[in-house]
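>>> Predicted model follows, preceded by the sequence.
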Amino acid sequence: MSHNDKYIKKLNDQQYRLTKSRMEILNCLNDDFHSHSIQDIVNHIKSRNKTINTASVYNTIDLLIKEGLVDIYANYESKNQLYEIVDKNNLHIHINCIEQKKNIKEKMPESVKKELIEILNKHNLDFHNIKIEILAKPKDD
(Lines give C-alpha, C1' and ligand atoms only; values in the text may rest on other atoms or scores of the structure.)
Protein backbone atom coordinates (compact mmCIF):
# COMPACT_ATOMS: atom_id res chain seq x y z
CA MET A 1 0.00 0.00 0.00
CA SER A 2 1.49 3.36 -1.03
CA HIS A 3 1.67 6.37 1.27
CA ASN A 4 -1.18 8.06 -0.59
CA ASP A 5 -3.30 4.90 -0.35
CA LYS A 6 -2.89 4.90 3.45
CA TYR A 7 -3.90 8.56 3.70
CA ILE A 8 -6.83 8.09 1.33
CA LYS A 9 -8.03 5.07 3.35
CA LYS A 10 -7.84 7.05 6.59
CA LEU A 11 -9.83 9.94 5.09
CA ASN A 12 -12.38 7.49 3.63
CA ASP A 13 -12.68 5.72 6.99
CA GLN A 14 -13.47 9.09 8.58
CA GLN A 15 -16.03 9.68 5.79
CA TYR A 16 -14.33 12.74 4.30
CA ARG A 17 -14.99 13.46 0.65
CA LEU A 18 -11.92 12.99 -1.51
CA THR A 19 -12.31 15.98 -3.80
CA LYS A 20 -9.99 16.67 -6.71
CA SER A 21 -8.45 19.52 -4.72
CA ARG A 22 -7.73 17.28 -1.73
CA MET A 23 -6.16 14.67 -3.99
CA GLU A 24 -3.98 17.31 -5.68
CA ILE A 25 -2.82 18.61 -2.30
CA LEU A 26 -2.05 15.09 -1.03
CA ASN A 27 -0.09 14.33 -4.19
CA CYS A 28 1.92 17.52 -3.77
CA LEU A 29 2.69 16.84 -0.10
CA ASN A 30 3.55 13.21 -0.68
CA ASP A 31 6.93 13.74 -2.32
CA ASP A 32 8.90 11.86 0.35
CA PHE A 33 11.29 14.32 1.93
CA HIS A 34 10.09 17.84 1.24
CA SER A 35 8.30 20.48 3.27
CA HIS A 36 5.88 22.83 1.55
CA SER A 37 4.43 26.23 2.29
CA ILE A 38 0.86 27.00 1.29
CA GLN A 39 2.20 29.03 -1.63
CA ASP A 40 4.42 26.10 -2.73
CA ILE A 41 1.35 23.87 -2.84
CA VAL A 42 -0.69 26.42 -4.83
CA ASN A 43 2.20 26.97 -7.27
CA HIS A 44 2.78 23.23 -7.69
CA ILE A 45 -0.86 22.59 -8.53
CA LYS A 46 -1.05 25.58 -10.90
CA SER A 47 2.15 24.40 -12.64
CA ARG A 48 0.20 21.28 -13.62
CA ASN A 49 -2.40 23.48 -15.35
CA LYS A 50 -4.94 22.91 -12.59
CA THR A 51 -6.80 25.57 -10.66
CA ILE A 52 -7.11 25.68 -6.90
CA ASN A 53 -8.47 28.14 -4.40
CA THR A 54 -5.95 29.13 -1.72
CA ALA A 55 -8.67 28.86 0.93
CA SER A 56 -9.20 25.22 -0.13
CA VAL A 57 -5.51 24.56 0.46
CA TYR A 58 -5.69 26.06 3.97
CA ASN A 59 -8.88 24.11 4.77
CA THR A 60 -7.44 20.84 3.48
CA ILE A 61 -4.18 21.35 5.39
CA ASP A 62 -6.21 22.00 8.57
CA LEU A 63 -8.15 18.77 7.98
CA LEU A 64 -4.96 16.77 7.34
CA ILE A 65 -3.37 18.17 10.51
CA LYS A 66 -6.51 17.35 12.53
CA GLU A 67 -6.42 13.76 11.23
CA GLY A 68 -2.71 13.42 12.07
CA LEU A 69 -1.62 13.05 8.44
CA VAL A 70 0.35 16.31 8.20
CA ASP A 71 2.62 18.15 10.61
CA ILE A 72 3.72 21.79 10.79
CA TYR A 73 7.31 23.02 10.91
CA ALA A 74 8.70 26.51 11.26
CA ASN A 75 10.83 27.90 8.46
CA TYR A 76 13.07 30.48 10.07
CA GLU A 77 14.47 31.47 6.69
CA SER A 78 11.23 32.68 5.12
CA LYS A 79 9.15 32.96 8.31
CA ASN A 80 6.54 30.68 6.66
CA GLN A 81 5.05 27.59 8.15
CA LEU A 82 5.91 24.42 6.28
CA TYR A 83 3.78 21.32 6.04
CA GLU A 84 4.86 17.71 5.69
CA ILE A 85 3.21 14.33 5.45
CA VAL A 86 3.62 12.32 8.66
CA ASP A 87 5.56 9.17 7.82
CA LYS A 88 6.68 6.87 10.65
CA ASN A 89 9.12 5.16 8.27
CA ASN A 90 10.89 8.34 7.18
CA LEU A 91 11.64 10.22 10.39
CA HIS A 92 13.95 13.19 10.24
CA ILE A 93 15.31 16.08 12.27
CA HIS A 94 14.86 19.75 11.43
CA ILE A 95 17.85 21.94 12.30
CA ASN A 96 17.32 25.69 12.09
CA CYS A 97 20.28 28.06 12.19
CA ILE A 98 18.66 31.40 12.84
CA GLU A 99 21.83 33.48 12.43
CA GLN A 100 22.51 32.01 8.99
CA LYS A 101 18.79 31.77 8.13
CA LYS A 102 19.38 28.18 7.15
CA ASN A 103 17.13 25.14 7.46
CA ILE A 104 18.68 21.69 7.41
CA LYS A 105 16.76 18.45 7.25
CA GLU A 106 18.59 15.25 8.19
CA LYS A 107 17.32 11.70 8.30
CA MET A 108 16.91 10.60 11.91
CA PRO A 109 19.56 8.03 12.87
CA GLU A 110 18.08 4.62 13.68
CA SER A 111 19.88 4.68 17.04
CA VAL A 112 17.99 7.86 18.05
CA LYS A 113 14.68 6.43 16.88
CA LYS A 114 15.37 3.20 18.80
CA GLU A 115 16.13 5.09 22.04
CA LEU A 116 13.00 7.21 21.72
CA ILE A 117 10.89 4.10 21.13
CA GLU A 118 12.44 2.49 24.23
CA ILE A 119 11.37 5.52 26.29
CA LEU A 120 7.84 5.25 24.90
CA ASN A 121 7.74 1.49 25.57
CA LYS A 122 8.74 2.14 29.18
CA HIS A 123 5.54 4.19 29.48
CA ASN A 124 3.44 1.72 27.45
CA LEU A 125 3.06 4.17 24.56
CA ASP A 126 3.39 3.91 20.79
CA PHE A 127 4.40 6.85 18.67
CA HIS A 128 2.28 8.47 15.99
CA ASN A 129 5.06 10.80 14.90
CA ILE A 130 8.40 11.91 16.29
CA LYS A 131 9.13 15.56 15.67
CA ILE A 132 12.53 16.98 16.53
CA GLU A 133 13.35 20.61 15.79
CA ILE A 134 16.73 21.97 16.82
CA LEU A 135 17.57 25.68 16.98
CA ALA A 136 21.28 26.11 16.39
CA LYS A 137 23.93 28.74 15.83
CA PRO A 138 27.39 28.59 14.24
CA LYS A 139 30.19 27.36 16.47
CA ASP A 140 32.52 29.98 17.90
CA ASP A 141 35.99 29.55 16.41
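Nice, I can see it.

>>> Surely P138 and C97 touch.
Yes. Between P138 and C97 a contact is recorded at 6.8 Å, counting by C-beta atoms under 8 Å. For the C-beta atoms, the positions are set from N, CA and C on the backbone; glycine is no exception.

>>> quick one: which of these two has more around it?
The residue with more neighbours, out of P138 and C97, is C97; 16 against 9, by other C-beta atoms under 10 Å.

>>> Give me the distance between the more buried one and H123.
33 Å (C-beta to C-beta, to the nearest Å).

>>> try I38
Counting by C-beta to C-beta, the separation of I38 from H123 is 36 Å.

>>> neighbour-wise, which of those two wins?
More neighbours surround I38 than the other of I38 and H123, with 16 against 6 (other C-beta under 10 Å).

>>> Just grab the bridge partners of the residue positioned nearest the centre of the chain for me.
Centroid-nearest residue in the chain, with C-alpha atoms, centre = their mean: E84, separated by 1.4 Å. Taking DSSP bridges as the rule, E84 bridges to D71.

>>> what bits of this structure have low per-residue confidence?
1-3, 32-33, 76-78 (pLDDT under 70).

>>> run the last query once more with 50
Regions of the chain meeting the criterion pLDDT under 50 are absent.

>>> Tell me which stretches of it form helices.
3-13, 20-29, 38-47, 54-66, 110-122 (DSSP state H).

>>> Just say which of those is most tucked in.
helix 20-29 (a mean of 19; mean count of other C-beta atoms under 10 Å).

>>> what sits up against it?
With C-beta atoms under 8 Å, 6 or more residues apart in numbering as the test, helix 20-29 has contacts from 4, 7-8, 11, 16, 36, 40-41, 44-45, 48, 50, 52-53, 56-57, 60-61, 63-64, 70, 83-85.

>>> again with stretch 42-54
Taking C-beta under 8 Å, 6+ apart as the rule, stretch 42-54 contacts K20, S21, E24, I25, C28, H36, I38, V57.

>>> Good, wrapping up.
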